[in-house]
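Colleague: Got a sequence here, can you build the structure:
(4 chains)
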Protein chains: 2
Amino acid sequence: MANEQLQEAIDALKSTKVRMTPQRHAILEYLYNSMSHPTADEIYKALEGKFPNMSVATVYNNLRVFKDVGIVKELTYGDSSSRFDCVTTEHYHVICSDCGKIVDFHYPGLNEVETLAEHVTGFKVDNHRMEVYGTCPDCSQQTQH
Amino acid sequence: MANEQLQEAIDALKSTKVRMTPQRHAILEYLYNSMSHPTADEIYKALEGKFPNMSVATVYNNLRVFKDVGIVKELTYGDSSSRFDCVTTEHYHVICSDCGKIVDFHYPGLNEVETLAEHVTGFKVDNHRMEVYGTCPDCSQQTQH
DNA sequence: TCTTACATTGTAATTCTTATAAATTATTTT
DNA sequence: AAAATAATTTATAAGAATTACAATGTAAGA
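Modeller: From the prediction side, this is the model:
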């Protein structure tokens, strides 16, 4: 279950000046339990039942708070809106260029890349982002015939 | 000089149904000569002198055309607008989290990652994207004292 | 309890990007 | 070379995603 990780995230927030609110809890819960990488709007819609009065602004505000604390990552792609992913174990994404499906896969951290970049550019590097693009099995099949 | 590469790009366009226009030439020229990674608006502003009547839509349209032909890449980051980079040799970017500065660095292609992703997910992989984030020398100095 | 600081809500505003239609320019056909 | 066709540009409007703002609400500390 993702519940331990959710708890860790909540604890991480407690140690800052960030207060825990029902809305925040719900957003975090949704993020940690959903295996997908939802957009702000998807989160908003998903929580409409529980919080009929919640504002979209709240979702955006809190996602930013979580991002600043470092427990959530924003994924931006060319088109459409940003997607949000909770930072758990180190993993990367494969994205289908046709349908947009996102699948996780694990790969040992690319520390060498960070080190090289530091040396070559003089930057103080602290993280990186990588995505792999291709066609998912479903879309591959459809274009076959 | 980047002029040979610019010429190659123009030749690449000629082999398609894409027509060469003064605006397109200017946009390409700007992209290939600027060492930065300009936004659509930056390009627009930069060419205002030469083409006082050019529309922002033209810039966007043509960047998309170039993207489709494969001679330009779109870089999307969390905030602000997309940046555009001409596809020359394989390289990656280090981005300053403070000021947004982008610096290129070379790194041998990460083919193993693509291969692994293919095996694990069943996708047909054809490319990847990677960026390294950190603080640039200038910004590092400023926060020191 | 009172005060202060942080959060939420609703809405308006902003920003980036795309769609559309008319006018213009480039290519192809005759 | 002129006419016909196709692609392009322009200007503007529309759209979508995100943020700003002011008012209200809620939690924590003195």
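
Colleague: Show the pLDDT at the spatially most central residue of chain A.
Modeller: Residue closest to the average C-alpha location in chain A (CA atoms, centre = their mean): A:D85, at 1.2 Å. At A:D85, the model reports a pLDDT of 90.

Colleague: Whatever helix or strand it lives in close to chain B?
Modeller: In this assignment (DSSP states H and E), A:D85 forms part of strand A:83-86. No. Judged by CB under 8 Å from any CB of the partner chain, strand A:83-86 stays clear of chain B, getting no closer than 10.8 Å. Heads up, the C-betas are built off the backbone N, CA and C, glycines and all.

Colleague: Is there any residue in the helix or strand following that strand that contacts chain B?
Modeller: With elements assigned by DSSP H and E, the helix or strand that comes after strand A:83-86 is strand A:92-96. Yes. Residues of strand A:92-96 contacting chain B under CB under 8 Å from any CB: A:92, A:94, A:96.

Colleague: check contacts around A:C139.
Modeller: Applying CB atoms under 8 Å, 6 or more residues apart in numbering or on different chains to A:C139 gives the contacts A:96, A:98-99.

Colleague: circling back to that earlier point, which other residues reach the strand holding A:D85?
Modeller: A:5, A:9, A:28, A:31-32, A:37-40, A:43, A:63, A:71-77, A:93, A:102.

Colleague: Off-centre distance for that strand?
Modeller: Computed by CA atoms, centre = their mean, to the nearest Å, the chain-centroid distance of strand A:83-86 equals 2 Å.

Colleague: and the residue nearest to the centre of chain A, how far is that from chain B?
Modeller: In this view, A:D85 and chain B are 13 Å apart by CB to the nearest CB, to the nearest Å.

Colleague: Looking at the residues of strand A:92-96 next to chain B, state which has the most neighbours.
Modeller: Highest neighbour count within these: A:V94, with 25 neighbours (other CB atoms under 10 Å in any protein chain shown).

Colleague: ok so, going back, present the residues of strand A:92-96 next to chain B as a markdown table; the columns should include distance to A:H128 and pLDDT.
Modeller: Below are the residues of strand A:92-96 next to chain B laid out as a markdown table (distance: CB to CB, whole Å; pLDDT from 0 to 100):
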| residue | distance to A:H128 | pLDDT |
| --- | --- | --- |
| A:Y92 | 10 | 91 |
| A:V94 | 17 | 92 |
| A:C96 | 22 | 88 |
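
Colleague: Nearest to chain B among those?
Modeller: A:V94 (4.9 Å; CB to the nearest CB).

Colleague: Any idea what that closest one is bridged to?
Modeller: Bridge pairing for A:V94 (DSSP bridges) gives the partners A:V103, A:V132.

Colleague: How about the contacts made by it?
Modeller: Contacts were defined as CB under 8 Å, 6+ apart; by that measure A:V94 touches A:102-105, A:131-134, A:136, B:117, B:121, B:123, B:125.

Colleague: Check the residues you listed against DNA strand D and report the nearest one.
Modeller: A:I102 (15.4 Å; CB to the nearest atom of the strand).

Colleague: Now do the contacts for that closest one.
Modeller: By CB under 8 Å, 6+ apart, A:I102 lies in contact with A:36-37, A:83, A:93-96.

Colleague: residues near the nearest residue to A:N3 once chain neighbours are set aside, how many?
Modeller: Among residues not flanking A:N3 along the chain, A:Y32 sits closest, at 7.6 Å (CB to CB, 6 or more residues apart in numbering or on different chains). A:Y32: 22 surrounding residues under other CB under 10 Å.

Colleague: circling back to that earlier point, in CSV: the residues of strand A:92-96 next to chain B, plus distance to B:G49.
Modeller: Shown next, in CSV, are those (distance: CB to CB, whole Å):
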residue, distance to B:G49
A:Y92, 43
A:V94, 44
A:C96, 43
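
Colleague: Show me which helix runs longest in chain A.
Modeller: Counting by DSSP state H, the longest helix found in chain A is helix A:56-69.

Colleague: Chain A: strands as residue ranges?
Modeller: A:72-75, A:83-86, A:92-96, A:102-105, A:124-135 (DSSP state E).

Colleague: got these as a markdown table, with distance to A:R24 columns?
Modeller: Converted to a markdown table, the strands of chain A look like this (distance: least, CB to CB, whole Å):
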| stretch | distance to A:R24 |
| --- | --- |
| strand A:72-75 | 11 |
| strand A:83-86 | 13 |
| strand A:92-96 | 25 |
| strand A:102-105 | 24 |
| strand A:124-135 | 24 |
